[in-house]
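1. Sequence and predicted structure are below.
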Amino acid sequence: MIVLDSSLQLSLNKQDSIAQLNFVVFINIVNIISFDLYSNTFSKIFINYPFNLNFFYSHLKVLPNLNSPNKNISLFQSVFVLSFGFTVKYYLNTTSLIFQNANLNKIEFHGLSDSFLNRNILSFTTLNSTLNSKIVTLALDMYNFKLSTSLIDPNLFKTILILTLKGTINSINSNLFTNLLNLSSIDFDLVNFPYFLTPNTGWLKKMPNKRIRITIKNDGIYKFPNSDLCLFKSFENFSFVITPKLDYCTCTIIWLLKNTSLPTMRPNCTLINCNFETIFKSCKFYKIKKETSNYYNEINRSQYLNFITVVFTPLFGLIGLVTNIINIIALSLIDSITKSSEQMNRLMLINSILNLIYSIIYLFSLINKCVYFTGLFCSSINKTYSSQIFDIIFIKFLANILKLMTNLSIIGISLLRLITLIKDKSIMANIGKFLKQKFSRILLILGLFGFLVSLDQFFINDINENLFIVSAIDYEKFPNENTFMNEISHFFNRRVNSNIKYTGAVSYVFFIIYMLNFIVNDILLYVIMLVVDLALIFYLKESIDLKKKLAFGKFGLNKIGKRKIKITAVILMNSLILFSLRLVHFVFSVYVFKEKLYSNKNGENVCFLYSLICTNYKEFGEFLYFVSNVYSIVLFYNLNINFKRRIQKILHIRSPKSFALNDIKSNIISMSH
C-alpha cells in the first residue's frame, strides 16, 4: 500500500504516441492507502482527450494537514471521469477539500454499503470555504443505503446536473435536494424501486426544480400496478421517463408519464380510463406489502453463507486436526487380536489419515476467502496467482479425490462391522481374504477413478486476472469456477466482463462430470452408507438378543440392554448427522447445477449474471461436507471397544469399574466391530 503524494508522478506528454490517439485513456490505480491533498501526481498528463481515473483496492482517506499550507489544491483538476470501485474503503467525515478545483464531467462512488457484513459508508465534512469545483454528474452505486446531505454535500455537489442512483436504497432525506439548484435529471437504476418510496416522499415536495426529469430504469419485474397508484401521488408535477419503453399500460403508468418530456416513450393507453381524483381521495398511508427479490439481496444472502464458512472453518478445522491426530496415535498403539480387527484398524487408520490431510487442505482454503474487500474479512493474498493455483490444485482437485476416498473408507468400516455380525462366517472369511490380497489394488483403482473424475477441475477453474472490477455485481472470485454455461449469448449485454470458456455442446461434458462427481460423492456413497448402517442395526439387534439369552443375572441383562440402545443410538445419530448435512449440501449443489443449465423464471442465468451467488452456495455445500467428517473420533470411540480403551488411556479418562459381565460384553462388541 502506498500514499498518493507528490513522490508518485505520472507523466504523458503530447508527443507520446498514446497521447496522440483520439480516444479516452483509462488509468487504473490500486493499493492507495491515503491521499495527500497537495499531491500533483496527475498534473503532468497531457493528452488530446481527457482521461478517466479509476481507483481499486484502496482507501479514500485524506492525510491530515498539520501545517495548513496556504496554497490551492488541484489533485483531480485535469481528470475527466473519476471513479472509485467497490473495492475502495470509504470513511466518515472525509474532507471535501480533496475535490477542490476539480473539473469533473463525472464522479462515481461504487460499493457504498450499510450492512452487517459490509459497512462502507462515505460522508463529507461541511466547509464554509469555496471549493471552486465543477462536477456535472454524480453516480452512486450502493446497497441498503440512506441518502442524506452528509454524502451529497450541497457545497461540494451544488453544480451537478445529473444524479444517478444504482443498487438499493432505504430512504432519501427530505432536505437532500433543497440546495441542488442546478439539478436537472435524476436517474433511478434501483432494483428495489419503488419500495424505497415508503413511508415518505418528502424529498419530492422540497425539490427546488419542478421541471426536473426523473428516469426510471425498469427491470421488467415491477409492473406499475393500479394498486400502487397512491404511492406515486406526489409525482404529479415531474417529467417521468421509463426505460425501456413499456408495451403495456396501467393507471399508474398514465399518471407518471402524463408530463413526460419524451412522448414517444408513452405506451398506447387510449383504452384505459382512470378517475385519478376519486382514487386519490381514498388514498391513506400507503405501503407496498411485499418487496420482490433482487440480485443485490441474493448476493448479500449468499455472502452470509460465505461469512459462516469463514468463521467456522478454523473451529472445525482445528477439531479435525486434533481428533484425527488422536485417532492415528490410538490406532497405531492398538494390537490387533483377530484378522477382522486388523482390517478394521487399518481402514480406521486410513480414514483418519485422509481426514487429517483433508482438514489441513481445507484450513488453507481461507487464503482464498473474501467476504467483502471492505467488509469483515478478506484475505490479503486471495487475488495472487500462487494462491489461485493452490486453490485449483489442492482445494478443488486433491480435496475432491480425498472426499471420495474418505467416503469409501467409511463404507468399508461399516461393511466390516456388518460382516462380523452375519452368522455365515464363510462369507467373512472369503471377504477378508479378498480384501487382504486385493487391498492395495482396490485402493489404487479407487484412487485412479477419483483422479479421473476430478480432472475437470483443471479445465473449469480459471485464473482470474481481471482485477479492475468497478461494481460488485460483476465480481468473480479468484479463481473463477463459473466458466461453463449452457446458453448465454443473450446475456452478454448484461455483463461488463465475462470469463465463460465453454458453452453449448462442449459445456455438457462438464455438466456430466459435475453431476458424476456429485452423484458418486454425495448421493450414491451416502445411500450405500445408510443401507449398511440400517443393516448393521438389524444384525446387531439379533446378535445382542442372542447374547442376552446367554447372560446371567438381571443386572447383566440390564447392562447389555443399555449397551444395545447406546450402539443403536450412535449409529442412528451418525446417519442422521450425515443425512442432514448431505441433504443441505445436495440442495445447494442441485441449485447451482440448475442455475448453470437453465435460466430462472425471469429469464436470467444467475450463475452467469451474478457469479458470486453460485460460487458461495457451492462453497457452503463443501463446507457442510467438511463438517460431516470431523467427528469420526466420536464414531470410533462408541463403536470400537479397543479404540475406546486406548483413547481413555491416552487422555487419562477413568473407566467405570468392571465386572465379570463386562468381559462378555467386550467380546460381543469387539466381534461385532
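-> Structure's in. What do you need?
2. rest of the way, CA atoms for contacts and neighbours
-> OK.
3. For the closest residue in space to residue 89 that isn't next to it in sequence, grab phi and psi.
-> Of all residues not flanking residue 89 in the chain, residue 59 sits nearest, at 4.7 Å (Cα to Cα, 6 or more residues apart in numbering). Backbone torsions of residue 59, given as degrees, to the nearest 10, read phi -120, psi 120.
4. before we move on, what about the one 4 residues further on?
-> Listed backbone geometry of residue 63 is phi -60, psi 140, with angles given as degrees, to the nearest 10.
5. what about it, distance to residue 247?
-> 53 Å (Cα to Cα, to the nearest Å).
6. Helices of the stretch 151-300 of the chain, residue ranges please.
-> 202-205, 251-257, 276-281, 295-333 (DSSP state H, counting those that start in this stretch).
7. Distance from the chain centre to the last one, please.
-> For helix 295-333, the gap between its own C-alpha mean and the chain's C-alpha mean amounts to 16 Å (Cα atoms, centre = their mean, to the nearest Å).
8. What average pLDDT does that helix get?
-> Helix 295-333 carries an average pLDDT of 92.
9. buried set for it?
-> Buried positions in helix 295-333, judged by neighbour count with 16 or more other Cα atoms under 10 Å: 295-297, 299-300, 302-307, 309-310, 313-314, 316-321, 323-331.
10. For it, name the packing helices and strands.
-> For helix 295-333, the contact count by 3 or more Cα pairs under 8 Å, 6 or more residues apart in numbering; DSSP states H and E identifies helix 339-364, helix 611-628, helix 632-639, helix 641-650 as packing neighbours.
11. Nearest the geometric middle of this structure, what residue?
-> The residue lying closest to the centre of the chain (Cα atoms, centre = their mean) is residue 616, at 3.3 Å.
12. isn't that one right next to residue 306, touching?
-> Yes - counting by Cα atoms under 8 Å, residue 616 touches residue 306, with 5.7 Å between them.
13. Let me know which of the helices of the stretch 151-300 of the chain is the nearest to residue 26.
-> helix 295-333 (27.5 Å; Cα to Cα).
14. More neighbours: which of residue 63 and residue 247?
-> Shown here are residue 63 and residue 247; by other Cα atoms under 10 Å, residue 63 has more neighbours (17 against 10).
15. The more buried one against residue 36, yeah?
-> Yes - Residue 63 is in contact with residue 36 according to Cα under 8 Å; the separation is 5.5 Å.
16. check contacts around residue 611.
-> With contact taken as Cα atoms under 8 Å, 6 or more residues apart in numbering, residue 611 is in contact with 474-477, 482.
17. can you do 6 Å?
-> By Cα atoms under 6 Å, 6 or more residues apart in numbering, the residues touching residue 611 are residue 476.
18. quick one: it from residue 308, how far?
-> 19 Å.
19. so what's the residue nearest to residue 25 when sequence neighbours are not counted up against?
-> Closest residue to residue 25 apart from its sequence neighbours, by Cα to Cα, 6+ apart: residue 51 at 4.9 Å. Residues in contact with residue 51, defined by Cα under 6 Å, 6+ apart, are 24-26, 79-80.
20. What strands flank the longest strand seen in the chain, and is each parallel or antiparallel?
-> Using DSSP state E, we find that the single longest strand of the chain is strand 134-147. Note on strand 134-147: by DSSP bridges, its sheet partners are strand 103-114 (parallel), strand 162-172 (parallel).
21. ok, residues contacting the last one?
-> Read it as strand 162-172. Contacts of strand 162-172 (Cα under 6 Å, 6+ apart): 137-147, 185-192, 196.
22. what about residue 156, distance to residue 180?
-> For residue 156 relative to residue 180 (Cα to Cα), the value is 10 Å.
23. actually residue 152, not the one I wrote
-> Distance of residue 152 to residue 180, given as Cα to Cα: 9 Å.
24. Then residue 150?
-> From residue 150 to residue 180 the distance is 14 Å (Cα to Cα).
25. who's more crowded, those two?
-> For residue 150 versus residue 180, neighbours defined as other Cα under 10 Å are more numerous around residue 180 (21 against 16).
26. Buried residues, stretch 165-184. List them.
-> So for stretch 165-184, counting by 16+ other Cα under 10 Å, buried means 165-169, 171-172, 174-180, 182-184.
27. Likewise for stretch 115-127?
-> 117-126.
28. Can you flag which of those belong to strands?
-> Short answer: those in strands (DSSP E) are 119-120.
29. Quick one: the buried residues of stretch 115-127 as CSV, columns for distance to residue 222 and pLDDT too.
-> Below are the buried residues of stretch 115-127 laid out as CSV (distance: Cα to Cα, whole Å; pLDDT from 0 to 100):
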residue, distance to residue 222, pLDDT
117, 28, 93
118, 27, 93
119, 28, 94
120, 29, 95
121, 29, 95
122, 30, 96
123, 32, 95
124, 34, 94
125, 37, 90
126, 38, 82
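30. Closest to residue 512 out of the buried residues of stretch 115-127?
-> residue 117 (35.7 Å).
31. Could you check how far the closest one is from residue 577?
-> Residue 117 is 29 Å from residue 577, by Cα to Cα.
32. Please enumerate the helices of the stretch 401-550 of the chain.
-> 425-454, 457-460, 504-518, 525-550.
33. Grab the nearest non-local neighbour of residue 85.
-> Using Cα to Cα, 6+ apart, the closest residue to residue 85 is residue 470 (4.4 Å).
34. How many residues are close by that neighbour?
-> Neighbours of residue 470 (other Cα under 10 Å): 23.
35. same question, residue 275
-> With other Cα under 10 Å as criterion, residue 275 counts 8.
36. May I have the phi/psi pair for it?
-> Dihedral pair for residue 275: phi -100, psi 90, per degrees, to the nearest 10.
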